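K.L.:
give me coordinates for this.
(2 chains, ligands or ions: 1)
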Amino acid sequence: MANGESEVGAAPLPAEDRSPGSDAPAGGFVQLLTPGGERIDSVTTADGVTYSVDFTDDEYRELYRDLVTVRRLDAEATALQRQGELGIWASLLGQEAAQVGSGRALRPQDMAFPTYREHGVLYTRGIDPIMPFGLFRGVDQGGWDANKYKFNGYTIVIGSQTLHATGYAMGVTMDGKTGTPDGEAVIAYFGDGATSQGEVNEAFVWAGVFNAPMVFFCQNNQYAISEPLERQTRIPLYRRSAGFGFPGVRIDGNDVLASYAVTRAALDNARNGQGPTLIEAYTYRMGAHTSSDDPTRYRIASEVESWKAKDPISRLKAFLTKQQLADDSFFGEVDDTARTLALDLRERVLAMPDPQPVSMFDHVYPTGSPEVDAQREQFAAYQASFEGSDH
Amino acid sequence: MMTETLTLGKALNHGLRRALENDPKVVIMGEDVGKLGGVFRITDGLQKDFGEDRVIDTPLAEAGIIGTAVGLAIRGYRPVCEIQFDGFVFPAYNQIVAQVAKMYYRSLGNVRLPIVIRIPYGGGIGAVEHHSESPEAYFAHTPGLKVVTCSNPADAYAMIQQSINSDDPIVFFEPKRRYWEKGAVDLDTPSTFPLHASRVAREGSDATVIAYGPMVRTALDAAQAAAEDGRTLEVIDLRTLSPLDLGPVYDSVRKTGRAVVVHEAPGNLGLGAEIAARITEECFYSLEAPVLRVTGFDVPYPSARVEEEYLPDLDRVLDAIDRSLGW
Ligand SMILES: Cc1ncc(C[n+]2csc(CCOP(=O)(O)OP(=O)(O)O)c2C)c(N)n1
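P.N.:
Residues are numbered from 1 along each chain as shown, chains lettered A, B, ... in the order given. Take a look at the predicted model:
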């Protein structure tokens, strides 16, 4: 796939004009595909950076497949939760473009640090989509190999991973892996609410001071559980970075092309030694915060409706159709394939066995502990004492 | 007298409402406490009735919640802070143990911080990691903080009001898996017990079971089961973890000669160790058996599907009683 180009020097658009759609927030955002499916060639921000993408027909179609697939898998997870097969689920519905675009912009050597909602990014890293289900079903802690897939474990405590990512990025620099052909970059995902955490602000400080090869990717889905954006900030989030000494860009988070272009450019800047970027993906969480949440308590139906019109998938579909890059048979095939994947996932989730209780003593220490070992033995003996009884 | 049957969660809600009514300086603050009424609905309806200045939806920042509460308290307010879940208190830990706990001491008694920090804690609700922890020992270990936990609706209603009225900073642990358990609450009569008083929850003479918060129910269930086998267990609900009110415990152990301490938190350096040591110091000549502990294991809180095995249950309590009696 082609790069988002950074052509410093192109004439900046006036701030309010940067986005052609009426759906843009005040201050605009980078948008390369309108909700109606119109392609915008390139966008130049007030900083004078021009963003664009140049995909082949196949690449456009594969992006569409990604979006449909992650949405379908997510829908299956939501259904599984409702049927009592998962303890909880954090749905990505509405945020597919932000996740797939940024995830596909990563190069194989780049490292990602997710929250608990990045199932779409996880998918783009080539990880078996069943992996997060152990955590949400309560049978394990979600155990993929972070180093193999360059995708760290999910982070529940809000914002902590941004510091981990920054430290990792400092290590990349110390290893001499910036500014080289095989240079590495690091991306940290977090939400709008997370920007209030001290740790996230400390990550900004550190990344700025150490010029770390970092991309901070904030999915502003407008809510932190029940609290709207105004409870976290008085200024657009992308502008926060200025106070820490690095650039911030806002993108239309429902536009997979903008997400790809800007993330790719920011990652390349990072890997070339130009330091961190904050990306604010302006999007919307269409469902509940998690399956335990009741969004009707804090937001109105018309708001949800208005965001439906900005759907990331339908706009790409409209584009593909208009450009005659795909027809109904392609769309049908994508849906069928995604459905098959989802049904397969469902079966495998249902078959996930409960862990052996004694496994709770595993992985407490890499070098073991005589006390934990003794407790494991006592526990096993105690369990065995019930064997044969109807306990 | 207005006695109502309420869940523990609703009793807390009524207690908070009372506190807001009685003192205009009381403010509630935390993530999602306003419109949503808290993720457990403990503050349900309060913002609607008392306004956004009294029931404050805060930014998503625990250090901020506690740190600004310190300033509000210095300014004369009585903040009641909600930490959404046990595992999320740690971003605020510095503010709580380094600032809240020491301010009165450092200021030679000039600055009081009448802050209540409410924390839903403990497991048993099938949650993911960081949502089921029992971090009470970290706070009970810190001089300058008081730490309490309720086990039933009537106590919850009384203790939340007592805590808010107290000039001490109080960490108030709420047993989240008991939020939905019901009991009679007298909404009119002021509470008849002081805040830092343990209570005998069930009388018995064969052994003493000491529990607090979510484990009181478990201990009572064990006592019920033991009664069917002709054994009577005395159950003590500590209610207060710092300071510990062990008078009723000593009285009981002198009577029964046997003590079993039960808590969900890992055993290593937990409250049980302190309680066992003190019983040994005070009741040595009355003891027929060593003080035993039934606790969570010394592992991070495990995945939901094995938490039933991690959590002390009726069988493990009865097993400890058998061992104590068999000594
Ligand atoms: C330190 C901490 N405090 C509170 C929570 C409880 N909590 C879980 S998700 C959430 C809201 C997060 O909002 P945001 O950062 O915008 O991300 P989103 O879930 O919207 O993707 C809260 C308050 C937590 N997980 N960690």
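K.L.:
flag every residue of the stretch 151-300 of chain B that's near chain A.
P.N.:
Residues of the stretch 151-300 of chain B that fall close to chain A, judged by Cβ under 8 Å from any Cβ of the partner chain: B:268, B:297-300. Backbone N, C-alpha and C define where each C-beta goes, glycine included.
K.L.:
any of those buried? List them.
P.N.:
B:297-299 (16 or more other Cβ atoms under 10 Å in any protein chain shown).
K.L.:
any chance of those residues in a markdown table, plus pLDDT, secondary structure and distance to A:Gly245?
P.N.:
Below are those laid out as a markdown table (pLDDT from 0 to 100; DSSP: H, G, I helix; E, B strand; the rest coil; distance: Cβ to Cβ, whole Å):
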| residue | pLDDT | secondary structure | distance to A:Gly245 |
| --- | --- | --- | --- |
| B:Phe297 | 98 | coil | 47 |
| B:Asp298 | 98 | coil | 44 |
| B:Val299 | 98 | coil | 43 |
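K.L.:
how many other residues sit next to whichever residue of chain A sits closest to the ligand?
P.N.:
When scored by Cβ to the nearest ligand atom, chain A has A:Gly191 as its residue closest to the ligand, at 2.2 Å. The local packing of A:Gly191 (other Cβ atoms under 10 Å in any protein chain shown) involves 26 other residues.
K.L.:
need the residues of the stretch 151-300 of chain B next to chain A in a markdown table (columns: distance to the ligand).
P.N.:
Listed next are those as a markdown table, based on distance: Cβ to the nearest ligand atom, whole Å:
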| residue | distance to the ligand |
| --- | --- |
| B:Asn268 | 25 |
| B:Phe297 | 24 |
| B:Asp298 | 24 |
| B:Val299 | 21 |
| B:Pro300 | 16 |
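K.L.:
of all those, which comes closest to A:Val364?
P.N.:
B:Val299 (5.1 Å; Cβ to Cβ).
K.L.:
how much space between the closest residue to B:Arg177 other than its chain neighbours and chain A?
P.N.:
Nearest residue to B:Arg177, sequence neighbours excluded (Cβ to Cβ, 6 or more residues apart in numbering or on different chains): B:Gly124, at 3.7 Å. Here the distance between B:Gly124 and chain A works out to 12 Å (Cβ to the nearest Cβ, to the nearest Å).
K.L.:
next up, the contacts around B:Gly124.
P.N.:
Counting by Cβ atoms under 8 Å, 6 or more residues apart in numbering or on different chains, B:Gly124 touches B:132, B:176-177, B:214, B:307, B:311.
K.L.:
which among those count as buried?
P.N.:
Judged by 16+ other Cβ under 10 Å, buried ones among the contacts of B:Gly124: B:132, B:176-177, B:214, B:307, B:311.
K.L.:
any idea how many residues pack against the residue of chain B found nearest chain A?
P.N.:
Minimum separation of chain B from chain A (Cβ to the nearest Cβ) falls at B:Ala304, amounting to 2.8 Å. Number of residues near B:Ala304 (other Cβ under 10 Å) recorded here: 25.
K.L.:
what's the answer for B:Ile321, then?
P.N.:
Neighbours around B:Ile321, by other Cβ under 10 Å: 25.
K.L.:
B:Arg231 is in contact with that one, correct?
P.N.:
Yes. With contact defined as Cβ atoms under 8 Å, B:Ile321 counts as touching B:Arg231 (7.2 Å).
K.L.:
residue contacts, the nearest residue to the residue of chain B closest to chain A once chain neighbours are set aside?
P.N.:
What sits nearest to B:Ala304 in space, not counting adjacent residues and going by Cβ to Cβ, 6+ apart, is A:Gly138, at 2.8 Å. A:Gly138 makes contact with A:87, B:126, B:128, B:303-305, B:307, according to Cβ under 8 Å, 6+ apart.
K.L.:
would a markdown table of the residues you listed with secondary structure and pLDDT be doable?
P.N.:
Converted to a markdown table, the contacts of A:Gly138 look like this (DSSP: H, G, I helix; E, B strand; the rest coil; pLDDT from 0 to 100):
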| residue | secondary structure | pLDDT |
| --- | --- | --- |
| A:Gly87 | coil | 94 |
| B:Gly126 | coil | 95 |
| B:Val128 | coil | 95 |
| B:Ser303 | coil | 96 |
| B:Ala304 | helix | 96 |
| B:Arg305 | helix | 96 |
| B:Glu307 | helix | 97 |
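K.L.:
now do the SS call for B:Arg118.
P.N.:
Using DSSP: H, G, I helix; E, B strand; the rest coil as the criterion, the local structure at B:Arg118 reads strand.
K.L.:
ugh, typo on my part, it should be B:Phe172
P.N.:
strand.
K.L.:
quick check: beta-bridge partners of it?
P.N.:
For B:Phe172, the beta-bridge partners are B:Arg118, B:Val148 (DSSP bridges).
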